[in-house]
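*Asks:* take this sequence and fold it.
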Amino acid sequence: MSRSTSFVRLTAVLLATTQRHSPTSVESLSAPPPLPPYTFTNARVLYQPTFVPVRAARAAPTPTDGLTLLSLFGWTLGGVFVAEWETSPVGKYREVAVLSGIVARFSNDTGFRLELGAWASHIVVTTDPAVAAGRKQFGLPAKLGNVEFASSSGHCEDPDDGNFWLKDSRNAAASVWRTGRRFAEDVAVGLKCAVGAAAPGIAEPAERLRKTYSDLPTSINSAELVVIKNRANISRGFCFASDNTCIVQGWDGFLPLEVDNNKIGRKAADGFALSLPSFSGRLSREPPDDYGSGGDTKETSTSPLLRYVLKLGPARRIRLRPSMPTFLLREGYEENATFREGNDTVLSGGLRGVLEGPCACPCIQIDGVRVVAGLPEVIAP
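*Replies:* Residues are numbered from 1 along each chain as shown. This next block holds a predicted model:
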């Protein structure tokens, strides 16, 4: 036997052995994610409800075929959902989901039935298996990214929220005052125009002339999202550095995870659980790249519209925390020529429009919750 033949055989044996024992072999990387239902236990969750302008929700995009976007006075309810999944069928990972609105489906299959659910337009997860499971099994727009947690208090269990609650109260009072003043001025303008004491464009009412620039309505792309250059200046909030990078400043106040699991199970067995329909799908059929983005090419073919039941609960503890506003993080602003020229390429237009909505209420924090995501069903091709 020649030396070249022996070398070829030895190389083949070594390669086969490496692929058989290596955890990063081609077979392991291409293995499909497990089938639903998925059960998540002992999870930590933050949910900050926000008001989202309807035009921003539709541009996110939020589908209109098969679903109806619910809104009132030009606003819908969205929010930022953050979770730390301790145990799941695809392992431990972190997730940030941006909800663009509340959608409804009217079904006549078994009589008239109205189903409500939130639509997630952007999802960032921290592991490749979570990306594959989200996209392939649940039709969710999951992308691989970075989710970082930071505390605002320096300790975990009992943060002092007094100053944050006081700030929220002041902001709420100021918002009510501005809204009431503008309403009163609009009524005064209408009365003056009705009795002939003023005419738009000719003899403007004093209330309209006194309006400052800050009182004028601003566009979605410039109104609410505050830009910061250093995240150390923020105690509580979601700092988005890009579509795939989010720093949660204020991840604290949770119960410790190192507890007696049997005791938790007995205590949570009688807890409250809520089943909610969830909708997903309408993803581009183009295969995603390494980050799950799918490229920039527009595709007319999309995946089916899906519906699955999401069961939340029981949980160890549910409580309200001060609101968590959203910020655009521009660390390195002075050194980046793109920023200095005014070209905002940090966030995509659809994501930024959704994030610019104001907080709707205090932040909801859930400890040790059990979540079950059911098997999706196709409701529209």
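
*Asks:* what's the next secondary structure element after the worst-scoring helix or strand of the chain on mean pLDDT?
*Replies:* Using mean pLDDT, DSSP states H and E, helix 337-340 stands out as the lowest-scoring helix or strand of the chain, at a mean of 40. Following helix 337-340 in sequence order, the next helix or strand is helix 349-355 (DSSP states H and E).

*Asks:* which elements pack onto that following helix?
*Replies:* Here helix 349-355 touches strand 38-53, helix 54-59, strand 93-107, strand 113-125, strand 237-242, going by 3 or more C-beta pairs under 8 Å, 6 or more residues apart in numbering; DSSP states H and E. For the C-beta atoms, the positions are set from N, CA and C on the backbone; glycine is no exception.

*Asks:* name every strand pairing with the last one and say which way it goes.
*Replies:* Within its sheet, strand 237-242 is paired with strand 245-249 (antiparallel), strand 326-329 (parallel), according to DSSP bridges.

*Asks:* among the helices and strands packed on helix 349-355, which is nearest Arg231?
*Replies:* strand 237-242 (5.0 Å; C-beta to C-beta).

*Asks:* if we can go back for a sec, reformat the helices and strands packed on helix 349-355 as TSV; add distance to Leu257.
*Replies:* Rendered in TSV, the data for those read as follows (distance: least, C-beta to C-beta, whole Å):
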stretch	distance to Leu257
strand 38-53	7
helix 54-59	35
strand 93-107	14
strand 113-125	20
strand 237-242	23
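
*Asks:* let's have those in CSV, adding distance to Pro381, mean neighbour count and mean pLDDT.
*Replies:* Shown next, in CSV, are those (distance: least, C-beta to C-beta, whole Å; neighbours: other C-beta atoms under 10 Å; pLDDT from 0 to 100):
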stretch, distance to Pro381, mean neighbour count, mean pLDDT
strand 38-53, 24, 21, 94
helix 54-59, 22, 20, 92
strand 93-107, 15, 21, 92
strand 113-125, 18, 20, 91
strand 237-242, 34, 21, 91
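
*Asks:* for Asp367, which of these is the nearest?
*Replies:* Nearest of these to Asp367, taken as C-beta to C-beta: strand 38-53 at 6.4 Å.

*Asks:* measure how the closest one sits relative to strand 113-125, angle-wise.
*Replies:* With axes from the mean of the first three to the mean of the last three C-alpha atoms, to 10 degrees applied, the angle from strand 38-53 to strand 113-125 works out at 100 degrees.

*Asks:* pull out the buried positions in stretch 350-362.
*Replies:* The neighbour-count criterion (16 or more other C-beta atoms under 10 Å) identifies Gly350, Leu351, Arg352, Gly353, Val354, Leu355, Glu356, Gly357, Cys359, Pro362 as the buried residues of stretch 350-362.

*Asks:* please tell me how far the fifth one sits from Thr64.
*Replies:* Read it as Val354. Applying C-beta to C-beta, to the nearest Å, the value for Val354 to Thr64 is 16 Å.

*Asks:* now for the helix or strand hosting Ser275, which elements pack on it?
*Replies:* Counting by DSSP H and E, the element that carries Ser275 is strand 274-281. Secondary-structure packing of strand 274-281 (3+ C-beta pairs under 8 Å, 6+ apart): strand 93-107, strand 113-125, strand 305-312.

*Asks:* circling back: quick one: closest of the helices and strands packed on helix 349-355 to Pro314.
*Replies:* strand 38-53 (10.7 Å).

*Asks:* and Cys193, helix, strand or coil?
*Replies:* Of the three states, Cys193 takes helix according to DSSP: H, G, I helix; E, B strand; the rest coil.

*Asks:* next, count neighbours for it.
*Replies:* Cys193 has 14 neighbours, counted by other C-beta atoms under 10 Å.

*Asks:* adjust the sequence numbering to begin at 439 for everything that follows.
*Replies:* Fine by me, first position is 439 from now on; the one you just mentioned is Cys631.

*Asks:* how far away is it from Val625?
*Replies:* Distance from Cys631 to Val625, counting by C-beta to C-beta: 11 Å.

*Asks:* same deal with Ser680?
*Replies:* 45 Å.

*Asks:* next: Val483.
*Replies:* Val483 is 43 Å from Val625, by C-beta to C-beta.

*Asks:* run through the stretch 489-638 of the chain and note the low-pLDDT ranges.
*Replies:* Regions of the stretch 489-638 of the chain meeting the criterion pLDDT under 70 cover residues 547-550, 590-598, 600, 602-603, 605-621, 623-624, 627, 630, 634-638.

*Asks:* if you set the cut-off to 90 instead, what comes out?
*Replies:* Confidence mapping of the stretch 489-638 of the chain against pLDDT under 90 gives the ranges 498-504, 511, 543-554, 588-638.

*Asks:* ok, the stretch 639-788 of the chain next?
*Replies:* Across the stretch 639-788 of the chain, the ranges flagged by pLDDT under 90 are 639-674, 688, 690-716, 720, 722-741, 751, 766-788.
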